[in-house]
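Enquirer: below are the sequence and a predicted model for it; my questions follow.
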Amino acid sequence: MPRRERNKFVKRGQIIEILIEDYAFGGKGIGRIRSEEGVFVVFVPNTLPGQLVKARVDKSKKKYAECKLIDVLKHSDDEITVPYQDIPGAPYIQLPIELQHKYKQESTLSLFKRIGKVENIEDLFDEFIASPNVFHYRNKMEYGFSAIGYDRENKTDVDEFTLGFKRRGVWWMGDNLEKDSGLFDKHVEDNITNIREYCVKTGLAPWHGPKKEGFFRYFVVRKSYKTDELLFNLVTTSHDLPKFDLEKFANYLVELFGDRVAGILHTINDETGDRTIATSGSIKLVYGKDKIVEELLGLNFEISMKSFFQTNPKSAEKLYTKVVDYALENKEAIDNTVVMDLFCGTGTIGQIIASKSNNTKIVGVDIVASAVEDAKKNAERNNIEGLQFYAADVGKFLNEHPQYKNKIRTIILDPARAGIAPKTLKKIINLNADRMVYVSCNPATQARDTEELMNSGYQLKKISLVDQFPHTSHIETVVLFEK
Ligand SMILES: C[S@@+](CC[C@H](N)C(=O)[O-])C[C@H]1O[C@@H](n2cnc3c(N)ncnc32)[C@H](O)[C@@H]1O
């Protein structure tokens with residue numbers, strides 16, 4: 001049976017040209033198709049008001065359609081020229097940062113109105129905290145090798161050895177990074193073409209996505225802002241490894257980056273899945289050491305290739321300062337109490353609170369065992385006492401530890417993008433804490449949880465926004481709830 005037509009405006013798979021008129025939360029540009037039938041809304045992610053774009057309809061619903069951006073046909077008057085290569089990881093880099101802030105603030109607050117049902121959210125808005133570094137703020141980058149590249153002039157794919165980022169929305173096509181993207185270390189990015197040339201000269205093949213074969217897969221770099229050191233990881237398959245001289249490659253990196261090189265690792269990854277992550281597989285140290293140290297608010301954190309760490313550490317300091325400020329606003333509800341740091345990751349927030357309070361015990365819970373191990377080691381390294389970390393699902397942990405009910409005054413929440421599962425949120429509410437400081441990297445799920453918290457007697461007292469990722473649509477929020 002043919003698919004039922006959902007609306008009279010667009011069909012799935014159709015290519016359209018549309019003027020973007022507004023910006024919706026999450027970086028979705030809004031276009032409108034006007035006809036005798038009425039006005040129909042079309043969302044195109046990674047676009048800006050004022051742009052004329054070409055897009056493919058991915059979902060065609062009764063009242064709206066969702067599209068994938070193919071190309072920007074005409075730029076918006078707001079856009080400026082920047083000296084950086086445009087990459088999918090920075091779709092808004094041509095938009096002045098003040099305008100990026102404006103869009104992020106307006107669209108985030110409107111979510112709390114619409115989904116969280118907080119009518120007076122503007123009155124409760126505290127601060128928009130900008131990233132201290134607008135450019136070159138990231139401390140990690142994953143460059144991919146590909147046997148299929150992109151011819152920017154003819155806008156088509158070509159067979160070539162590429163090292164850079166995937167084209168937006170095309171898993172099998174790479175795009176050479178020819179110059180600094182403005183997001184990561186300039187010294188590294190200015191040398192990506194040299195590293196590519198070195199690899200091309202070995203005669204070994206880059207990864208071919210559709211054929212699932214090739215030698216070079218990823219080149220991952222982590223950076224410490226404290227020491228300015230770099231940690232490298234070259235990911236290859238095992239097939240042609242005897243033909244590749246790892247030591248010579250390591251020497252080449254040292255030639256390029258001198259004593260900035262902390263260590264060089266090699267990972268063998270023979271998995272063929274499209275979504276293979278760069279750090280899976282067996283990892284071996286080829287040169288130097290396998291960790292770098294980063295400092296956040298005076299505390300030291302050891303970072304290995306695999307450990308989770310905030311991507312923009314300078315901005316993370318601002319984020320954590322805000323969280324701790326909200327928590328310590330009522331010191332009486334912190335000193336001599338047990339504070340829960342739920343979804344604690346590597347335990348940074350709990351450690352900072354413990355170091356700034358008196359006789360406070362922190363109970364940190366995270367589902368990832370390796371993050372909890374790192375949390376324990378970090379607490380030891382920083383000589384902070386009174387912290388207990390548990391590797392567990394938050395919901396299960398609260399079931400198994402009923403003794404905390406009515407005993408906790410302050411809870412810190414920092415869940416992953418999916419937010420807090422409804423059943424888990426109920427268990428958290430049942431702890432009956434006076435206050436919660438809820439950090440979120442996805443305000444849409446936080447706004448959803450806000451409604452539940454307000455229905456359970458909590459009030460949203462304050463909200464701040466932190467721009468951890470300039471030039472993207474991401475925004476972090478810190479919200480203080482109190483009963
Ligand atoms: C945004 S991160 C938290 C980062 C942390 N505050 C830090 O500073 O390192 C979200 C964390 O939630 C954890 N997580 C996700 N689902 C979970 C669950 N059901 N129970 C416990 N932890 C979970 C993830 O492992 C991740 O570390």
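Expert: Great, that's in hand. Since the model is a prediction, treat every value here as computed from it, not as a measurement.

Enquirer: Leu465 contacts Ser107, correct?
Expert: No - with contact defined as CB atoms under 8 Å, Leu465 does not count as touching Ser107 (10.4 Å). Backbone N, C-alpha and C define where each C-beta goes, glycine included.

Enquirer: quick one, domains of this structure?
Expert: 14-79, 101-133+312-482, 140-296 (the TED database).

Enquirer: so how far is the first residue of the second one from its last?
Expert: Taking CA to CA, to the nearest Å, the span from the opening residue of domain 101-133+312-482 to its closing residue is 27 Å.

Enquirer: now do stretch 234-252
Expert: For stretch 234-252, the end-to-end distance is 13 Å (CA to CA).

Enquirer: now that stretch: buried residues?
Expert: 234-237, 244, 246, 249-250, 252 (16 or more other CB atoms under 10 Å).

Enquirer: list just the nearest of these to Phe43.
Expert: Closest to Phe43 out of the buried residues of stretch 234-252 is Val235 (34.8 Å), distances taken as CB to CB.

Enquirer: got phi/psi on the closest one?
Expert: phi -110, psi 120 (degrees, to the nearest 10).

Enquirer: show me what contacts it?
Expert: 217-220, 266-269, 278-279, 281 (CB atoms under 8 Å, 6 or more residues apart in numbering).

Enquirer: check which helix or strand Ala327 maps to.
Expert: Taking DSSP states H and E as the criterion, Ala327 maps to helix 313-328.

Enquirer: pull the number of nearby residues for Pro49.
Expert: 18 (other CB atoms under 10 Å).

Enquirer: sorry, back to before: just the buried ones from the contacts of Val235?
Expert: Of the contacts of Val235, these count as buried by 16+ other CB under 10 Å: 217-220, 266-267, 269, 278-279, 281.

Enquirer: biggest separation within the residues you listed, which pair?
Expert: Distances among those were taken as CB to CB; the most separated pair is Phe219 and Gly281, at 14.0 Å.

Enquirer: got the phi and psi for the residue in the chain positioned nearest to the ligand?
Expert: Closest approach between the chain and the ligand, counting by CB to the nearest ligand atom: Gly345, at 2.5 Å. For Gly345, the backbone dihedrals (degrees, to the nearest 10) come out as phi 60, psi -130.

Enquirer: residues contacting it?
Expert: Gly345 neighbours (CB under 8 Å, 6+ apart): 308, 366, 368, 371, 375, 414.

Enquirer: just checking: which of the buried ones among the contacts of Val235 also lie near the ligand?
Expert: Here nothing survives when those are matched to the ligand using CB under 6 Å from any ligand atom.

Enquirer: run through the helices of the stretch 251-400 of the chain in chain order.
Expert: 313-328, 348-355, 369-381, 394-400 (DSSP state H, counting those that start in this stretch).

Enquirer: ok, and what's touching the shortest one?
Expert: Spelled out, it's helix 394-400. Helix 394-400 has contacts (CB under 8 Å, 6+ apart) with 342-343, 365, 367, 390, 392, 404, 420-421, 423-424, 427-428, 430-431.

Enquirer: contacts for the helix ranked longest in the chain?
Expert: Counting by DSSP state H, the longest helix found in the chain is helix 97-114. Residues outside helix 97-114 that contact it (CB under 8 Å, 6+ apart) are 23-26, 78, 92, 95, 118-119, 121-122, 125, 128, 130, 134, 443-444, 447, 450, 460, 463, 465, 467, 470-471, 473, 475, 477.

Enquirer: out of those, list just those in strands.
Expert: 23-24, 125, 128, 460, 463, 465, 477 (DSSP state E).

Enquirer: among those, who's most crowded?
Expert: Ile463 (26 neighbours).

Enquirer: how about the contacts made by Thr208?
Expert: Not Thr; residue 208 is His. 146-148, 214.

Enquirer: go with 6 Å
Expert: 147, 214 (CB atoms under 6 Å, 6 or more residues apart in numbering).

Enquirer: need the pLDDT of it.
Expert: Per-residue confidence at His208 stands at 95 (pLDDT).

Enquirer: before we move on, back to that, what's the most distant pair in the ones in strands among the contacts of helix 97-114?
Expert: Tyr23 and Leu460 (23.7 Å).

Enquirer: could you check how far the closest residue to Ala418 other than its chain neighbours is from Arg12?
Expert: In space, and not counting its chain neighbours, Ala418 is closest to Thr445: 6.2 Å by CB to CB, 6 or more residues apart in numbering. Per CB to CB, to the nearest Å, Thr445 is found 27 Å from Arg12.
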